[in-house]
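fold the following and give me the result.
(one chain, ligands or ions: 1)
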Amino acid sequence: MYMTNYFNVNNPATGELIQKVKINTEDEINLSLKNGHESFKEWSKINAHERSRLIQKWSKKVNENKEELAEIMTKENGKPLSESLGEIDYSLAYLDWYAEEAKRIYGRTIPANTESKRIVVTKEPIGLVAAITPWNFPAAMMARKAAPALAAGCTFIVKPASETPLTGMKFIDLAHEAGIPKDAIQYVNGRGSVVGDLFTDSDYVRKITFTGSTPVGKNLIKNSADTIKHVTMELGGHAPLIIAEDADLDYAAKQTVGTKFRNAGQTCVCANRILVHENIIDEFTDKFVAEVKKLKIGNGLEDGIDVGPIINKKGYDKIVDQINNAKKNGAEVMVGDKYDADKENGYFFIHPTVLKNVNTDMTIMHEETFGPVAPITSFKTIEKAVELANSTPYGLAAYFFTNDYRTGNYLHDHLQFGIVGWNDGGPSAAHAPFGGMKESGLGREGGIEGIEPYLETKYMSIGGF
Ligand code: NAP
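Residues are numbered from 1 along each chain as shown. Next comes the predicted model:
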């Protein structure tokens, strides 16, 4: 994929070349960082209402170009066109929310302990923000970093994932068309490890914001230490989904299909371990498998497709290894375990797969899957379900289905996850704080929490009254 000075972006559904993208040289990237730093002086001084208007104009441009953006996304990522359109809407929600939040960056005054003083607290933008984004949500992961950064008065530079740079590049071109200064929001392209080091080594960068795998996140945190940069990390997940004995099984089966097979299971909040009360496991599995059988797999540009391809061979091999490991250790295939892959042409489809009788010795129960495979296991008591759910270093999303408020409250209080869906397989929203506990990350994106990481707090004590 990587040549000397460009890399290929291929369609994962067909393997065909979409576009060659120039790899930025070290000098070019350093110049972009310098320009981003210098433009901070002007951008941060533009008043909040004007910054808000410019982000609103950006949103309008994105909305006008929605179909084109969605088609680019489906071509480079493989997700069905309807999901790409949904992701553009989701991205617009971040632009709109943070355009408004720009006007709501409040300070405060604190009563002093003497009549002769006043204490004033203000918020200031932290400076140039460098972002690195993943291939699974090429627009949304960028929008939810760029929008609060610009709204806060920071300047922004992003390195999109090499598999899917085209959506993000177009997104940023539209920001410039909307009137946001060229150096206030920029992109650069290149290998993650190379660009990552340039970002963390740079004195111009005051914050690193990253969405991607936990090992890369840990590395970025370590490399940010020398210059004490702020960091926001949205990392991996291993979401449990618990079905309590009293759950509405028809509803739960449909919701579980949504949260498991969206983006071919390649989302960090995908249900990765399905834990079902032992008294209803057969009934739930039958209903779930019936729903899974309705899913249509294929090229996301075609009508009616629900599940697209796996992004690349590395992802495909990992998923196939997990399925084989589970089968070898006694898992029963209820549906799926079918493949349509062409290593030469470079496309990799895995049919939606449901595995029953899985146990905690299998890799699928302790590694993130990032694919369309649903492993099901049983539990006896809700306490045991919580123990199983929490037995992972990850803490991003968890789901549960119950209509009993005591069970629901118990699960809410005991699950160690940043995002909890109670009878809700799709809890993500621009107006809510998204992020993980434990090794799933640091900080939150979205909601009022999502702008704080781009702000410094300054406290001034005025004496002599
Ligand atoms: P990845 O390998 O960590 O890549 C993500 C981004 O990091 C890409 O832009 C990649 O660039 C870059 N990168 C790779 N190595 C790097 C390095 N040494 N230093 C700096 N940047 C580097 O992860 P992925 O396989 O693309 O994405 C899947 C992972 O992301 C999963 O673990 C998933 O859970 C996580 N994820 C988390 C969230 C969340 O919000 N918590 C959302 C989506 C995905 P190249 O493309 O050039 O390699």
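
gap between the most centrally placed residue in the chain and the ligand?
Nearest to the mean C-alpha position of the chain, by C-alpha atoms, centre = their mean, lies Met141 at 5.4 Å. Distance of Met141 to the ligand, given as C-beta to the nearest ligand atom, to the nearest Å: 6 Å. Placement of C-beta: from N, CA and C, glycine included.

so that residue sits in a strand?
No. Looking at Met141 with DSSP: H, G, I helix; E, B strand; the rest coil, it is helix, so not inside a strand.

could you measure from it over to Asp183?
22 Å (C-beta to C-beta, to the nearest Å).

equivalent analysis for Trp135, please.
Distance from Trp135 to Asp183, by C-beta to C-beta: 26 Å.

could you do Asn5 as well?
On the measure of C-beta to C-beta, Asn5 and Asp183 end up 23 Å apart.

okay, the two: which has more neighbours?
Asp183 (21 against 10; other C-beta atoms under 10 Å).

remind me, longest helix of this structure?
Determined from DSSP state H, the single longest helix within the chain is helix 81-101.

mean confidence for whichever helix or strand comes after it?
Remark: after helix 81-101, the chain's next helix or strand is strand 108-110, criterion DSSP states H and E. Averaged over strand 108-110, pLDDT sits at 97.

in the next helix or strand after strand 108-110, what's buried?
For strand 108-110, the following helix or strand on the C-terminal side (DSSP H and E) is strand 118-125. Buried residues in strand 118-125, counted by 16 or more other C-beta atoms under 10 Å: Lys123, Glu124, Pro125.

what's the closest of the residues you listed to Asn279?
Lys123 (52.9 Å; C-beta to C-beta).

who does the residue nearest to that closest one when sequence neighbours are not counted form a beta bridge with?
Closest residue to Lys123 apart from its sequence neighbours, by C-beta to C-beta, 6 or more residues apart in numbering: Leu455 at 4.4 Å. Judged by DSSP bridges, the bridge partners of Leu455 are Pro125.

going forward, begin numbering at 255 instead of 1
Sure thing, new numbering starts at 255, so read that last one as Leu709.

ok, Leu709 - contacts?
Ile359, Lys377, Glu378, Pro379, Ile380, Ala406 (C-beta atoms under 8 Å, 6 or more residues apart in numbering).

the second one and Tyr713, how far apart?
Pointing back at Lys377 there. Distance from Lys377 to Tyr713, by C-beta to C-beta: 11 Å.

what's the average pLDDT for stretch 519-532?
Here the average pLDDT along stretch 519-532 is 98.

in it, what's buried?
519-531.

okay, now the closest residue to the ligand within the stretch 255-404 of the chain: neighbour count?
Using C-beta to the nearest ligand atom, the closest approach of the stretch 255-404 of the chain to the ligand is made by Pro388 at 3.9 Å. Pro388: 23 surrounding residues under other C-beta under 10 Å.

which element is it on?
Per DSSP H and E, there is no helix or strand for Pro388.

which residues does the closest residue to it other than its chain neighbours contact?
Excluding its sequence neighbours, the residue lying closest to Pro388 (C-beta to C-beta, 6+ apart) is Gly466, at 4.7 Å. Residues in contact with Gly466 (C-beta under 8 Å, 6+ apart) are Ile386, Thr387, Pro388, Ala415, Gly446, Glu488, Leu489.
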